[in-house]
Each structure stands twice: as C-alpha cells, then as structure tokens.
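Student: Show me the folded form of this:
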Amino acid sequence: MSAITTYAELLVRNAEAHGAQPALLGEAGGVTHAELARRARCLAAALAALGVARDDRVAVLAGNRGEILELLGAVAFLGATLVMLNVRWSAAEIAGVVQDAAPRLLFADPELEPLLASVPAHVGCRSLGERAGRLAAWNELDRTRETGASAASAHAPLLGIPTAAVEGRPRIALLSHAALLHQARLISQAWSLSPADRYLCMLPLFHAAAMVLTLTAQANGGATIIQARFDATAAAEAIATHRVSFFASFAPMLAGILDAAEAAPASLQSLRALTGLEPPEVVQRLRSRCPQAVFWSMYGQTETSGFATLSPASERPGSAGKPLPGVELAIEHESGGWAQPGEPGEIVLRSACVFNGYWQRPGETAHTRRGGWHHTGDLGRLDADGFLWYLGRTADKELIKSGGENIYPAEVEAALAAHPAVAQAVVLAVPDERWGEAVRAVCVLKAGQALTPEALIDFVAGRIARFKRPRDVLFATALPRLADGRVDRAAARARYATAKTPR
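Tutor: Presented below is the predicted three-dimensional model:
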C-alpha cells in the first residue's frame, strides 16, 4: 500500500483489489470492501449536500458500529475530519468538547441522545439508527449519489481524538491520513499480516488503538469483526467463528476471554498477535493456552497514532518493547540533556506517526514539540539493548489509567471542589487488581461540615463520567503543601496512596 496516501484512496484500492471480500463482520453485518467504499462515497455526497466541506469537522458519539467506518470514509472523501466522542462522558463533558470542535454535524446512537442535552443548538444532530426524539434518522439521508475523487490531502487530519484534559476539558489530538496509514504499515510488517487476517475490534473506536488496528486490517484487505460492547463470551465465540488472528485489549478483557473459552469451550487457535495493557500473569495464561499466539509489549499514546514501540513480550519481559522501524526514541533529562542507557527521564520521540497537533491550541502543541521532538509527558529508561522501560508520568502530566481509560486528576479535583462541604481535594492513583489503577480522593472539609465518602462519590459521579469517580475517599485535616502553596502531590502519594480506607 506504499502508493496509498489517504484513507479514501485505501477504500478505492480495496474495492478494486478485494471488492468481494468482507471488510466488516460481526455485529456490523457482512459488508464487503466494495460495499464499504460505495457507502462511504454515497454518504459523502449526502454530507456535502448538508454543507460539510473540506476542513470541516463531523463528530460522532456512538458505541462500536459499522456506520462509524462509513462516516470515516465519507469525511475522507470530503477532506473533512471525524471527531470521536467518548460515550462514557457526562453530558457536560460532551458539550464542552463539541463546543471546542465546532462540528458541522454530530451523529449519535439513538440511546445516547440524552447526553446531547447541552450541545449547542446550532450543531446539527443526526441519528445513526432509527428516528429518536429530535434527531433526524440516518436512513433519511439522501445517499443515492456518489462523490468523485477525494478532496483530502495526505497530511490533513482524518481523525480528531480528545485526550489529555487541560483545565477540565480534553484537548483534541489531530491525526493525519499519512500518520495513521504509516502506523498501519508498521504494524502490518511487524505481524506479517495478509488479506486472510481478521481483527476483533473490542476496544472502543474512540480509542486510537482500536481505530488504527481497524485501518491496519483494511490496509491488508482483511476484515474487522466489530463488537458493540465488550462481552468476554461473545468475544471468545467471535474468535472461534471468524478465525480472528489479532486484537488489542485492556485488563481485564484478555482474562475474561480466556475464562470464557475454557468454560464454553471455544477454540482460540486462530490467534497470532495480541497486544495491549495486560498483567504478566494473564500473558502467561495466554502463552500456556495458545502457544501459537504472541503477545506484543507496546508503548504509545493517541498523539503517536497508537504505538511507538512493539516487541514480543517474551524478548524482554516487563519492558514496553523496542521502537518500531523509523521511530527515533530517546530519554531526556529534566535539565534537557540526553540520558544514557539505564538512566530515567522523559520519553521523547520523532516519527512519521506523530500527530498534527492539538485543535486550536498552538501554544500547547508547540510546547509538546519543543526542540523538534514529541514530548510524551511519560517517564522511562532505555536499556543497553534498546528496550523501553516505562516508569510513570512526569509531574506536569498527572494521569490515572483505569481499564484503558485516561483519568486526569484535575478533572476529578474540580468536581470534588464543587461540593459545598469540600475545602480542598487531591486525587491519587492507587493499584487496582481488576483495572490496573483506581482513583482515590483525599479531601479536607470546611469547618463544621460533615460528609460521608459514599455521598461525595455519588456527587462526583453526577458531574463527570462515572468511570472517573473516586473508588474511595479519605478525609484529612490538611494536605501537604509546597513552598509556593500548591499541593505537594509526591508527599500526598507517600502519605495516602497506601493508607487503608475506613470500613
């Protein structure tokens, strides 16, 4: 696919070279590559009639479904950008990102319509399914005509994926056609993929990893099996039925699939390549159950279009793998110098997969790109053999990773501070056997106020996405402070991260 420079070109190529072969299977139904390209062209014509043009944005709020890939193709033909919204956000969070993105149109699952209550009135909202409330139905769009040649350019943004909340609102990372397709090529080469390979899409398509692996399957003329919501039993059955060869997962997905396959039983013998965020004991279970399958360690983020490193976990257990071909990765000291092998510092890199920047945030984009390197905000070290070892986050990138979702302490702290009884709050990451990390809040109450942890957790869950709410709350008389008055997060972690919660 070396001559393919945009996603629209990829759809056209697949329609010609693999037209009768399936592009989408599972809950998306059986859609061939030729049919997917035709639907994308027709939808592009319908969107153009509604005013969508080159450089516009179209947003989508939906669980995994085939219509998202039709939309992706349509905006590719028009030279527009598809902004992916997280279905687990609150209505206020969705409204904030929509206000930033200023999309020409917003498409949503009918069942998610209540989350659009605060979306600006000028944004045209349409349903991905049957008529629901004020949404006009997807099947009412006039898609009888097809667009001509693609208006997109290789380095124009194809996807906008919100990430890294700043001041309580996520920034929208813009990923270009070129970056995403280059990432697909690198993964294809690493895993020796072909048109016979099939990808099980269990992660939400608003995650970069899920979308780039879908594009990877398409880049090889293969098929994607779409699972609307993760279900371990259904996933094990899909692997056996469709002979799935690769997927990515977040804990505890893989453990659930292995359990379901043992209980059913279901064959997992088609699996060849797996990656994601899974604990070592689960990877060992996979190795014992499916010796033919290789679990690949990785490191990456939305801003790198998915993966920056990728290696078989068995090559250096515990590491995050080696940089992919063409990815120049280094470790930078806080002072600005380069770290030697074994020394810790910030992970920085240069690659054709790095994003275009943050939508309408030039200052933050420039800061991330300072010195000609993409600064990840993550800490790590490189060993003498070039393997990356992930060590956590830098001080200016406080982040909690729970079940694959990013939770930014500042967002949760703002929600806690909105309670009339809370004077101060700090949010910390604590280990969680099921989800990897969980949220712990440490709060100081105002004089004369009383509050239970349960009441405060429920209050927060009503203001932001429920997965961001604290798992537990500790109350303190004061929080440790730095000389400038800010909360000393390092001291707070040392004091409270391992403290037992009250029963």
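Student: give the contact list for the residue most central in space within the chain.
Tutor: Central residue of the chain (C-alpha atoms, centre = their mean): His207, 2.1 Å from the mean position. Shown in contact with His207 (C-beta atoms under 8 Å, 6 or more residues apart in numbering): Ile161, Thr302, Gly404. From N, CA and C alone the C-beta is placed, and that goes for glycine too.
Student: And for Gly321?
Tutor: Counted by C-beta under 8 Å, 6+ apart, Gly321 has contacts Trp296, Ser297, Met298, Tyr299, Thr309, Leu310, Ser311, Ala313, Glu315, Phe387, Leu388.
Student: any idea which of these is the one closest to Ala450?
Tutor: Proximity of these to Ala450 (C-beta to C-beta) peaks at Tyr299, which lies at 44.9 Å.
Student: per-residue pLDDT, the closest one?
Tutor: What the model reports for Tyr299 is a pLDDT of 97.
Student: likewise the one 10 residues further on?
Tutor: Each residue has a pLDDT score; the one for Thr309 is 98.
Student: Could you do Thr498 as well?
Tutor: 82.
Student: Please apply the same query to Arg471.
Tutor: For Arg471, pLDDT reads 93.
Student: how close does it sit to Ala92?
Tutor: Distance, Arg471 to Ala92, by C-beta to C-beta, to the nearest Å: 22 Å.
Student: which stretches of the stretch 301-450 of the chain have low pLDDT?
Tutor: For the stretch 301-450 of the chain, residues meeting the criterion pLDDT under 70 lie at 395-397.
Student: before we move on, the earlier item: please report how far the residue nearest to the centre of the chain lies from Ala483.
Tutor: 39 Å.
Student: How are the strands of the stretch 101-250 of the chain distributed by residue range?
Tutor: Ranges of strands within the stretch 101-250 of the chain are 105-108, 124-127, 157-166, 169-176, 198-201, 223-226, 246-250, based on DSSP state E, counting those that start in this stretch.
Student: Low-confidence regions, the stretch 51-200 of the chain specifically.
Tutor: Those would be 130-134, 164-168, if you go by pLDDT under 70 across the stretch 51-200 of the chain.
Student: Helices along that one, start to end?
Tutor: Using DSSP state H, counting those that start in this stretch, the helices of the stretch 51-200 of the chain run over residues 66-78, 91-101, 177-191.
Student: Show me the domain layout of this structure.
Tutor: Following the assignment in automatic domain parsing, the chain carries domains at 7-175, 294-393, 400-496.
Student: Would you mind telling me which of these is nearest Pro280?
Tutor: Taking the domains of the chain one by one with C-beta to C-beta, domain 294-393 is closest: 6.8 Å.
Student: what about the closest one, start to end distance?
Tutor: One end of domain 294-393 sits 28 Å from the other (C-alpha to C-alpha, to the nearest Å).
Student: ok, the residue nearest to Gly403 when sequence neighbours are not counted to Ala423 distance?
Tutor: Leaving aside its sequence neighbours, Gly403 sits nearest to Trp435 (C-beta to C-beta, 6 or more residues apart in numbering; 4.2 Å). Trp435 is 29 Å from Ala423, where distance means C-beta to C-beta.
Student: Looking at those two, which is more packed in?
Tutor: Neighbours were counted for Trp435 and for Ala423 using other C-beta atoms under 10 Å; Trp435 has more, 20 against 14.
Student: quick one on the thing from earlier: you'd agree the residue nearest to Gly403 is up against Ala429?
Tutor: No - here Trp435 does not reach Ala429: they are 10.8 Å apart, not a contact under C-beta atoms under 8 Å.
Student: hang on, the earlier thing: quick one, which of the helices of the stretch 51-200 of the chain gets closest to Ala320.
Tutor: Each of the helices of the stretch 51-200 of the chain has some distance to Ala320 by C-beta to C-beta; the shortest is helix 177-191, at 14.4 Å.
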